[in-house]
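Asker: here is the input, now give the coordinates:
(one chain, ligands or ions: 2)
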Amino acid sequence: MALRLFNTLSGTVEEFRPMVDGKVRMYACGPTVYDYGHIGNFRTFVAVDILRRYLQQIGHKVQHVMNITDVDDKIIRNSALAGVPVPQYTAKYQKAFLEDAATLHIEEPRIVRATEHITQMAQAIAKLKDQGFAYRVDDGSYYFRIARFPSYGKLSKKDFGGMEDGARVDVDEYEKDNARDFALWKSPKAGEAFWESPIGRGRPGWHIECSVMSMQELGESFDLHAGGEDLIFPHHENEIAQSEALTGKPFVRFWFHPRFLLVEGEKMAKSAGNFFTVRELVLKGHRPSSIRYLLATAPYRHQFNFTFDGLQSAAASVERLRNFQLRLRTKFAPGSNPTMQTLAEETCRRLSESLDDDLNTAQAQAAIFDMVRTANAAIDAGNLNQSDVEPLLAALHRFDEIFSVLEDDDAVRMKQIRDWAQQEGRKDEISRELVDLLRSSELSDDEIEQRIQSMAAAREARDFSASDAIRAELTAKGILVEQSKEGIHWRRK
Ligand code: AMP
Ligand code: ZN
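Answerer: Numbering: from 1, shown residues only. Ligands and ions are numbered 1, 2, ... in the order given. This next block holds a predicted model:
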């Protein structure tokens, strides 16, 4: 069995093999830090995180680099409007991005910043000009001459044969039918931020940033390059043109493009105004683990519609997994049940098969829930033995190495976001639901267990007022306590 991935460049699902055995060099386009990231952005980053975690699980060492675009058209425009220098404007959003990524358990890549590589970018542009791939125009800007790169269009599968030589576009983002010579370097307009460089004053275009930083970090040819589907054209097409023109070598072997997160059928986007940030959802009372789980639910190559119902059912799924893990801590009768042993093995096999199949996360989730359902039924029927716990837990943890929702640090993250809202003067956005959730998470599982035991002891001693007092305390903290003939059970609201 081997991992098979869809490669946008070949247009087919291929077996993934790195150029050097056991070592994967991958680059993911990171955020443009002009505002808070929305969960559409984070769908892409979570998909890349899942890819990274699975590569690690199957034994690769992963060198994962991500850029932060801390200079581009929008940043220049917004910082000028706000009347603050570019670094000051972007610092806040960079910090927020890294915090949000940690909130969603995204393993931190090596981060590189555009503004720290301006000289290298200017040098690359000078080289492209010397080789005839770039030209300078009167105002001091530089453009890439796409007519000099005949395979332009090979990633986006567009035929640009009929284009007009020398037609130019100077904005970083443009439409698919707009195959024009694109800006490598932009000379500053009045009042705009600029850098001094060997090719003059100005700022790099967005596309050259990624070519220069990815090759500097990972070499002239590397294994995998990722970004949301909107980056296929022009961004990644332009990266290929620039990089291959510079080196004469194939730039990247595999191109990985997660599809959009939608809201009512539309792309979630700042410009459409139909977006939620991670912070907004948490302030509304949703746990970070529910958000991560939801974003990982649909396989990355399917567009996925965001709904609050979906978020609720993701929360229920995470709770079921955590409760199952808790249940396995119970003392069971000694010995082992061969059916449970087979169930655990079978689940591990299904997990690998699902993820090998172009990261089919939906099937992996189905496999773990089949296991939880069957094992819970076995516990109910008294058919699970002590030696079955270890293999079942191992399967659960194998799943969690990828999905990362079992560790309950939701409260810590939610508190950070509540504090941030208070500092930012956004207190009004802190919902009743979040306040309740935080109250219920004040007690750890062990502390709750201790109280349940005291409650049972009080009942045993027929001290009902003591038992009722403990129940009242737990209820006030959002913990539901239920009596049944097997004893006292609890769960968080
Ligand atoms: P940006 O900060 O706009 O450069 O975007 C950061 C990343 O998020 C890029 O890889 C985009 O392709 C991706 N992205 C933007 N909108 C969405 C969306 N609605 N769904 C999934 N990915 C998105
Ligand atoms: Zn990029």
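
Asker: pull out the buried residues from stretch 192-206.
Answerer: Neighbour-count burial for stretch 192-206, counted by 16 or more other C-beta atoms under 10 Å, picks out E192, A193, F194, W195, S197, I199, G200, G202, R203, P204, G205, W206. C-beta here means a position set from N, CA and C on the backbone, and glycine is covered the same way.

Asker: I figured E429 hits A421, correct?
Answerer: Yes - between E429 and A421 there is a contact at 5.7 Å, judged by C-beta atoms under 8 Å.

Asker: where do the contact lists of these two overlap?
Answerer: Common neighbours of E429 and A421 (criterion: C-beta atoms under 8 Å, 6 or more residues apart in numbering): L283.

Asker: more crowded one of those two?
Answerer: Set side by side, E429 and A421 show more neighbours around A421, with 19 against 16, by other C-beta atoms under 10 Å.

Asker: phi, psi for that one please.
Answerer: Backbone torsions of A421, given as degrees, to the nearest 10, read phi -60, psi -40.

Asker: kindly report the same for L262.
Answerer: According to degrees, to the nearest 10, L262 has phi -110, psi 160.

Asker: dig out what it forms beta bridges with.
Answerer: Beta bridges link L262 to K267, N305 when assigned by DSSP bridges.

Asker: returning to that earlier point: farthest pair within the buried residues of stretch 192-206?
Answerer: G200 and W206 (18.6 Å; C-beta to C-beta).

Asker: does R253 sit in a helix, a strand or a coil?
Answerer: Reducing the assignment at R253 to three states with DSSP: H, G, I helix; E, B strand; the rest coil gives strand.

Asker: and it, what does it touch?
Answerer: N7, L9, M19, S221, F222, D223, L224.

Asker: near ligand 1, from those?
Answerer: With C-beta under 6 Å from any ligand atom as the criterion, those include none near ligand 1.

Asker: among those, name the ones in strands.
Answerer: N7, F222, D223, L224 (DSSP state E).

Asker: of those residues, just the buried ones, PyMOL syntax please.
Answerer: To isolate the buried ones among these in PyMOL, judged by 16+ other C-beta under 10 Å, type:
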select buried, resi 7+222+223+224
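
Asker: can I get the ones in strands among the contacts of R253 in TSV with pLDDT?
Answerer: Formatted as TSV, the ones in strands among the contacts of R253 follow (pLDDT from 0 to 100):
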residue	pLDDT
N7	98
F222	98
D223	98
L224	98
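
Asker: out of the ones in strands among the contacts of R253, which comes closest to ligand 1?
Answerer: Using C-beta to the nearest ligand atom, the shortest approach to ligand 1 within these belongs to L224, at 14.0 Å.

Asker: F160 belongs to a helix?
Answerer: No - F160: not assigned to a helix; according to three-state DSSP it is coil.

Asker: so how many other residues sit close to it?
Answerer: Using other C-beta under 10 Å, F160 is surrounded by 16 other residues.

Asker: before we move on, what about R418?
Answerer: 20.

Asker: also the one 4 residues further on?
Answerer: The number of residues packed around Q422, counting by other C-beta under 10 Å, is 11.

Asker: R287 versus that one, what's the distance?
Answerer: 19 Å (C-beta to C-beta, to the nearest Å).

Asker: now D463
Answerer: 36 Å.
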